[in-house]
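Q: Build the 3D model from these lines:
(one chain, ligands or ions: 1)
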Amino acid sequence: DEGKVNPRSVLFICLGNICRSPIAEAVFRQVVKEKEQELYDKWVIDSAATADYHVGEPPDNRAESCLRRHGISSGHIVRQVVPEDFEKFNYILGMDHENLKNLKRFAPKKTACKMELLGQWDPEHELIIEDPYYGGQAGFDTVYEQCVRSCRAFLEAVE
Ligand SMILES: N#Cc1ccccc1-c1cc(NCCCN2CCCCC2)c2ccccc2n1
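A: Numbering: from 1, shown residues only. Below is the predicted model:
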């Protein structure tokens, strides 16, 4: 029934949905697929922006090239968070505290959705996944490594 949220559903968010959250989404898809194909078919995985700066565009080319270097393609098109997301996703995972603050502006008064930092699952305890927008390729590689560590630990924790 439409009242229950699929426990295997996660929305990754960041400011523009062109750098961090598309990488997190693509990495998590890969992590779930690597674990088990049937499991992948049960998961609902997506990413979105808190801001509307780049709606309708593909991810930043630095994010795309980072993923490609690891054999992963994104295929995502930027969209902004909508109130329905809070009924659809069991988890909405942000990259920094500003993401979570901005996320809450879209949230209905009552929701069971868990709004948390993706980095809370990082075994190396790098809690914040910093915005690499004004930096170079190295910043994107750091985002990628943090996402791999955190997505692996998140899947183990919720499966
Ligand atoms: N804002 C900030 C900020 C602060 C610190 C570090 C990075 C950023 C930063 C800046 C961006 N676009 C430039 C400003 C956009 N304009 C702001 C005023 C309204 C019209 C649009 C980003 C775009 C996509 C993804 C991440 C971004 N991150």
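Q: C-alpha only now, for contacts and for neighbours.
A: Noted.
Q: near the ligand, which residues of the chain show up?
A: Within the chain, the positions lying close to the ligand (Cα under 6 Å from any ligand atom) are L15, G16, I18, Y53, D131, Y133, Y134.
Q: show me what contacts the nearest residue to the fifth one once chain neighbours are set aside?
A: Read that as D131. The shortest distance from D131 to any non-neighbouring residue, by Cα to Cα, 6 or more residues apart in numbering, is to R20 (7.0 Å). Contact partners of R20, counting by Cα atoms under 8 Å, 6 or more residues apart in numbering, are I13, C14, A63, M95, I129, D131, P132, F140, V143.
Q: which of those lies closest to the ligand?
A: D131 (5.6 Å; Cα to the nearest ligand atom).
Q: Provide the count of other residues in contact range of that closest one.
A: 17 (other Cα atoms under 10 Å).
Q: Give me the pLDDT value at it.
A: Note on D131: pLDDT of 98.
Q: helix/strand/coil for it?
A: In three-state terms, and counting by DSSP: H, G, I helix; E, B strand; the rest coil, D131 is coil.
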